[in-house]
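Trainee: coords please:
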Amino acid sequence: MPSRATGQALAALLLAGLALSGAAVADDAAPAPRAALTGPAGAPGLTVLYHEGDFGTVLDLDADQPATERTVATFALPDGIREDYFGLEYYGAIAVPAEGTYTFYTTSDDGSRLYIGETLVVQNDYPHGAAEQQGSISLKAGRHPIYVGYFDGVVDQVLEVRWSGPDTTKSAVPAEVLTQYPKVVHFPRDAVSTTELEWPDLGRHLTVTVDTRDAPELKAFHEVIPDVLRRHYPLMLSLLTAEGDTLPTQVTFSVRPGVDVPAYASGSRIVLSAEWFAGNPGDLGCLVHEFAHLVQSYPRSPDDAGWVVEGIADYVRYRVGADERWRIPDSYREGTHYTNGYGVTAAFLLYLERHYDAELVTKLNRALKSGTYRQALFEQYTGKPVDDLWEEYRQKSAGGVQATAPRRALPTPLARPLQADLSAAAGGEVWEGQTAAARCGRDTGRLARRPSAACPAAIS
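Mentor: Residues are numbered from 1 along each chain as shown. Here you go, the predicted model:
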């Protein structure tokens, strides 16, 4: 059960995040160069640990038992490894010829990270195609511990490590500056939690994994995320299930930096933006929106159905009511269209349920699940083509007619102390579905395109 303490903890996260951001802006002093290692250099080369498995991040490698360990000359893919589903950890020391700022680069497919000492310099992690990222660090002349972690999923295997600095043009790190040294980088193992949720009356269970290894400031999410699903999953099922459904039995929430949308769902994983939720920890409805996509799990939705998919997810968010500071438009907004998806479409669907068919979303959801959806269903269920319905909605709601219906009563409403603490911490700001383009489920112009079993593209 959530408590006022839980709400206060989240509110404190929001305030702390704002304070830290301010401190970062104020403190623009250049860091002192990192001190070099003392003592004699080790033997030439690097140690490389080879792992076999389906990894989703370099962070997974540290807890895995390596298949082999060997010495290599430099950061090159060693011989004798499989083509897909493997990971590599290189560690040793790098000799820096002169004091100054050095920039390191990794190009990888899939993810990679580069550390100097225990400092993360290059973050190029998580599944992606070949891409280069870089980072800089100030170093004293001499030897410094270096660690490069890399994993590959499927298709291409790419890892390139380069550097540049004083009197050093951008080039591959040469073997002559690399020597053996113990591994100094280890990743937190207490920042991944698993919670088993049960609903005996519904005969349902759900395994919820929360991973905040890349967002330690959001450790409260290990309690908050399972609680949101515990309370709201029954109502989500009542809105989205259909006969013969295969419902999710497990979900992983992974909080990551550098995600260009607040969140997206892909397969059984929901990825949350560390930056967004550090500043907006009370955005609990975003979790509902993304988990709705896993329950939707539309197998063969046509290309022109994306707006309906996203609109239904925000419709569910509205009905569930997991956050009080978010709302959908209560009337037509100039320049919007029903194909914008998200809150715009949710408001349109609510209007149609209010004035035409109270079970419209239920019917559309069933059609999407069975692969029989087509846009002509709007006319079949309401008697009017969807474009005519939108024009009617535009004219009536712009004239002051209420577009949205009241939210349905929740079987177990979210504790109000949690809501009040979060609203107070944020100064009572209200997020509106249609107007806040950076919001989860409110990017009115596009969908995040990533492969997914839930939709032809991964959905945000």
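Trainee: Where does pLDDT dip in the stretch 151-300 of the chain?
Mentor: Across the stretch 151-300 of the chain, not a single residue meets the criterion (pLDDT under 70).
Trainee: now the strands for it?
Mentor: Taking DSSP state E, counting those that start in this stretch, the strands of the stretch 151-300 of the chain run over residues 158-165, 168-172, 178-179, 192-199, 204-211, 250-256, 263-266, 269-273.
Trainee: who touches the residue nearest the centre of the chain in this structure?
Mentor: By CA atoms, centre = their mean, the mean C-alpha position of the chain lies nearest to residue 271, the distance being 2.1 Å. Neighbouring residues of residue 271 by CB atoms under 8 Å, 6 or more residues apart in numbering: 254-256, 259, 263-265. In short, each C-beta sits where N, CA and C put it, glycine included.
Trainee: Let me see the domain layout of this structure.
Mentor: 46-179, 192-432 (automatic domain parsing).
Trainee: can you list those in JSON lines and add distance to residue 35?
Mentor: Listed next are the domains of the chain as JSON lines, based on distance: least, CB to CB, whole Å:
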{"stretch": "domain 46-179", "distance to residue 35": "5"}
{"stretch": "domain 192-432", "distance to residue 35": "25"}
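Trainee: so which of the ones you listed comes closest to residue 30?
Mentor: Residue 30 lies closest to domain 46-179 among those, at 7.0 Å (CB to CB).
Trainee: measure that closest one end to end?
Mentor: By CA to CA, to the nearest Å, the extent of domain 46-179 from end to end equals 6 Å.
Trainee: now swap in stretch 100-120 and tell me
Mentor: Start and end residues of stretch 100-120 are separated by 18 Å (CA to CA).
Trainee: And for stretch 74-93?
Mentor: Across stretch 74-93, the terminal residues are separated by 11 Å (CA to CA).
Trainee: ok, now stretch 75-88?
Mentor: For stretch 75-88, the first-to-last residue distance is 10 Å (CA to CA).
Trainee: how near is the nearest residue to residue 164 once chain neighbours are set aside to residue 161?
Mentor: Closest residue in space to residue 164, ignoring its immediate chain neighbours: residue 170 at 4.1 Å, by CB to CB, 6 or more residues apart in numbering. Distance of residue 170 to residue 161, computed by CB to CB, to the nearest Å: 11 Å.
Trainee: and for those two, which residues touch both?
Mentor: Shared contacts of residue 170 and residue 161 (CB under 8 Å, 6+ apart): residue 105.
Trainee: more neighbours, the two?
Mentor: Using other CB atoms under 10 Å as the criterion, residue 170 and residue 161 rank with residue 161 on top: 21 against 11.
Trainee: surely residue 138 meets residue 101?
Mentor: Yes: the pair residue 138 and residue 101 passes the contact test of CB atoms under 8 Å, sitting 5.0 Å apart.
Trainee: about what we covered before: can you lay out the strands of the stretch 151-300 of the chain as CSV showing distance to residue 228?
Mentor: Below are the strands of the stretch 151-300 of the chain laid out as CSV (distance: least, CB to CB, whole Å):
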stretch, distance to residue 228
strand 158-165, 38
strand 168-172, 46
strand 178-179, 47
strand 192-199, 11
strand 204-211, 10
strand 250-256, 10
strand 263-266, 13
strand 269-273, 12
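Trainee: Nearest approach to residue 375 belongs to which of the ones you listed?
Mentor: With respect to residue 375, and counting by CB to CB, the nearest of the strands of the stretch 151-300 of the chain is strand 263-266 at 23.6 Å.
Trainee: Which elements pack onto that closest one?
Mentor: Counting contacts by 3 or more CB pairs under 8 Å, 6 or more residues apart in numbering; DSSP states H and E, strand 263-266 is packed against strand 269-273, helix 284-296.
Trainee: Please produce CSV containing the ones you listed, extended by distance to residue 57.
Mentor: CSV is the format used below for the helices and strands packed on strand 263-266 (distance: least, CB to CB, whole Å):
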stretch, distance to residue 57
strand 269-273, 11
helix 284-296, 19
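Trainee: Burial-wise, tell me which of these comes out on top.
Mentor: Ranked by mean neighbour count, the helices and strands packed on strand 263-266 are led by helix 284-296 with a mean of 26 (mean count of other CB atoms under 10 Å).
Trainee: Summarise which helices and strands that helix is packed against.
Mentor: Applying 3+ CB pairs under 8 Å, 6+ apart, one finds that helix 284-296 contacts helix 221-240, strand 250-256, strand 263-266, strand 269-273, helix 306-320, helix 360-370.
Trainee: Just the buried positions in the longest one, please.
Mentor: Think helix 221-240. Within helix 221-240, the residues that count as buried by 16 or more other CB atoms under 10 Å are 221-236, 239-240.
Trainee: CA atoms of that helix as CSV?
Mentor: Output of helix 221-240 as CSV, limited to C-alpha atoms (Å, rounded to 0.1, in the frame of the first residue of the first chain):
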residue,chain,number,x,y,z
PHE,A,221,10.6,3.6,-8.4
HIS,A,222,11.3,0.1,-7.1
GLU,A,223,8.3,0.7,-4.8
VAL,A,224,6.2,3.1,-6.8
ILE,A,225,6.1,1.2,-10.2
PRO,A,226,4.8,-2.1,-8.8
ASP,A,227,2.3,-0.2,-6.7
VAL,A,228,0.9,1.6,-9.7
LEU,A,229,0.4,-1.7,-11.5
ARG,A,230,-1.0,-3.4,-8.4
ARG,A,231,-3.7,-0.8,-8.1
HIS,A,232,-4.6,-0.1,-11.7
TYR,A,233,-4.0,-3.4,-13.6
PRO,A,234,-7.5,-4.7,-12.9
LEU,A,235,-9.2,-1.6,-14.5
MET,A,236,-6.8,-1.7,-17.4
LEU,A,237,-7.8,-5.3,-18.0
SER,A,238,-11.5,-4.4,-17.9
LEU,A,239,-10.8,-1.8,-20.6
LEU,A,240,-8.5,-3.7,-22.9
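Trainee: between that helix and helix 284-296, how many degrees?
Mentor: With axes from the mean of the first three to the mean of the last three CA atoms, to 10 degrees defining the directions, helix 221-240 sits at 50 degrees from helix 284-296.
Trainee: for helix 221-240, packing partners?
Mentor: Secondary-structure packing of helix 221-240 (3+ CB pairs under 8 Å, 6+ apart): helix 4-26, strand 192-199, strand 204-211, strand 250-256, helix 284-296, helix 306-320, helix 360-370.
Trainee: now the angle from the fourth one to helix 221-240?
Mentor: Regarding strand 250-256 and helix 221-240, their directions subtend 130 degrees when assessed with the same axes, to 10 degrees.
Trainee: just the CA coordinates of strand 250-256, formatted as PDB?
Mentor: These are the backbone C-alpha positions of strand 250-256, laid out as PDB (Å, rounded to 0.1, in the frame of the first residue of the first chain):
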ATOM      1  CA  GLN A 250       6.200 -10.200 -16.900                       C
ATOM      2  CA  VAL A 251       7.400  -6.700 -17.600                       C
ATOM      3  CA  THR A 252      10.700  -4.900 -17.100                       C
ATOM      4  CA  PHE A 253      10.900  -1.100 -16.500                       C
ATOM      5  CA  SER A 254      14.400   0.100 -17.500                       C
ATOM      6  CA  VAL A 255      15.400   3.700 -16.600                       C
ATOM      7  CA  ARG A 256      18.000   4.900 -19.000                       C
END
